[in-house]
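Asks: sequence first, then the predicted structure:
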Amino acid sequence: MKIPFAAYWELTKPRVVALIVFTAIIGMFLAIEPGEAWPWERLVLGAIGIWLAAASAAAINHLLDQRIDTLMARTQHRPLAVGSLRPGQVLAFAVVLGAISMALLAWRVNGFTALLTFASLIGYAVIYTGYLKRATPQNIVIGGLAGAAPPALGWAAVDGFVAPWGVDPYALLLVLIIFVWTPPHFWALAIFRRDDYAKAMIPMLPVVYGVTYTRWQILFYTVLLLVVSVLPFVTGMSGVFYLGGALVLGGVFLYYAIRLLNPPGELYAMQVFNYSIIYLMALFAFLLADHWLLPQAAAVAAPGLEFVRD
Ligand code: HEM
Ligand SMILES: CC(C)=CCC/C(C)=C/CC/C(C)=C/COP(=O)(O)OP(=O)(O)O
C-alpha cells in the first residue's frame, strides 16, 4: 500500500502552522530570563506538542470543510476535495496527532499547557470551523482567539500555571497582538476571494457588508494593532529596539491599509495579506531579539556589566 505522504502533510497546513509554532517558541523564550538555564525538554517537547495540536486542528478543519473546500477555487485542490484521502483517514490522522500532542504535553511538559492547547484545538477545529465560520461575519474575530493563543501556550510550557491569571500578563499581551492582527490578515484575503466565499455561502465580512466596509474595518484594526504593538514597550516588557521595529513595521502596515481604501488594482488586497504575514513574523523576531540577543550581545561587549532595561 502506498501512503500519500504529501496529502497528509498538506492536511497539516504546514506554512500557517509553522508561523503559529514560531510565535509559540518566542513565547517560550520570552518566559526565560537571559542567564537562566534553558528547560530543554519542555522547550522541545512543548514545541512539538503545540505543532501536533495545531496540525490536528488543521486536519479536522479539512474534514469539516470538505463540502465548501470543493466549491472554492482556492481550496478545490485539497486532499479531500480531489479524493486523494478519504474522510476516515483524515479523522484517524487528526485523532492520532491530537492524542500524541496531548500525551506529550500532559506528561512531559505540564497539564496546564495541555489544557490550554486542547482548548485552542477545540476553539479552531470545532467552534470556529464547525460553527462560527458559517454563522457570523465576526467569525474570524472571535475564532481568532484560538490562533492567537500559541504565545501563551509556549509561555505556559516554560512556567506552568502561575496565579492569579494562569499565564503571565505579558503572554496575554502577545495573544492580544495576534488577536488584533487576525482581522486585517484574513479580511485582506477575503476581499480578494469574496466570490469564492459567496459561492460557498460563507458569511465573510466582504460578502455580507461589502468590500468598502471591509477596507475600513481593516484600517480600524490596523490602527488598533499599531497601538497594541507598542504595549510591550509601554509596560516594560521590551525595550527601544523592539519599539523601533514595531513602529516601522506598523507604519508600513498602516500605509498598506490606507492605500487599500483606494487600491491600485484587484491584486493589491493580496499584497496586504502577504505583508500581514511578514509583519507578524518580523514583529515576533523583534520581540525575541530585544529580549534575548541584545542582552547577550551587551554581555559579550562589556563583560561584568549588567544589562539594565529602563
Ligand atoms: C481565525 C484566524 C485566521 C484565519 C481565518 C486565517 C485565514 C487564512 C487563510 C484563508 C489563509 C490562506 C490559506 C491558503 O490559501 O491555504 C491563510 C494563510 C496564512 N495564515 Fe492565516 N488565518 C488565521 C490565523 C492565522 C494565524 C494565527 C497565523 C500565524 C500566527 C496565520 C498564518 C498564516 C500564514 C503564514 C499563511 C500563509 C500560508 C501559505 O503561504 O500557504 N494565520 N490564513
Ligand atoms: C492548537 C492550536 C494552537 C490551534 C491553532 C489553530 C490553527 C491551526 C489556526 C490556523 C488559523 C487558520 C489557518 C484559519 C483559516 O481557516 P479557514 O478554514 O478559514 O481557512 P481555509 O479556507 O484555508 O481552510
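Replies: On my side now, so go ahead. Ligands and ions are numbered 1, 2, ... in the order given.

Asks: how many residues are close by Tyr216?
Replies: Rather than Tyr, residue 216 is Trp. 13 (other CB atoms under 10 Å). Bear in mind the C-beta positions are built from the backbone N, C-alpha and C, glycine included.

Asks: for Leu173, see how far away it is.
Replies: 26 Å (CB to CB, to the nearest Å).

Asks: please work out the average pLDDT along stretch 50-62.
Replies: In this model, stretch 50-62 carries a mean pLDDT of 98.

Asks: list the contacts for Thr23?
Replies: Pro150, Pro151, Gly154, Leu174, Ile178, Leu280, Phe284 (CB atoms under 8 Å, 6 or more residues apart in numbering).

Asks: so which helix or strand takes in it?
Replies: Under the criterion DSSP states H and E, the helix or strand holding Thr23 is helix 14-31.

Asks: is ligand 1 within reach of that helix?
Replies: Yes. Using CB under 6 Å from any ligand atom, we find that helix 14-31 touches ligand 1 at Arg15, Val16, Leu19, Ile20, Thr23.

Asks: now the residues you listed as JSON lines including pLDDT?
Replies: Output for the residues of helix 14-31 next to ligand 1, formatted as JSON lines (pLDDT from 0 to 100):
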{"residue": "Arg15", "pLDDT": "98"}
{"residue": "Val16", "pLDDT": "98"}
{"residue": "Leu19", "pLDDT": "98"}
{"residue": "Ile20", "pLDDT": "98"}
{"residue": "Thr23", "pLDDT": "98"}
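
Asks: CSV for these, including distance to Leu249?
Replies: Shown next, in CSV, are those (distance: CB to CB, whole Å):
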residue, distance to Leu249
Arg15, 20
Val16, 20
Leu19, 15
Ile20, 19
Thr23, 15
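
Asks: can I have the buried ones of these as a PyMOL selection?
Replies: The following PyMOL line selects those of the residues of helix 14-31 next to ligand 1 that are buried, judged by 16 or more other CB atoms under 10 Å:
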select buried, resi 19+20+23
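
Asks: which of the residues of helix 14-31 next to ligand 1 are close to ligand 2?
Replies: Among those, proximity to ligand 2 is found for Val16, Ile20 (CB under 6 Å from any ligand atom).

Asks: report the two of the contacts of Thr23 separated the most.
Replies: Distance extremes for the contacts of Thr23: the farthest pair is Gly154 and Leu280 at 14.7 Å, using CB to CB.

Asks: tell me which of those two has more neighbours.
Replies: The residue with more neighbours, out of Gly154 and Leu280, is Gly154; 30 against 21, by other CB under 10 Å.
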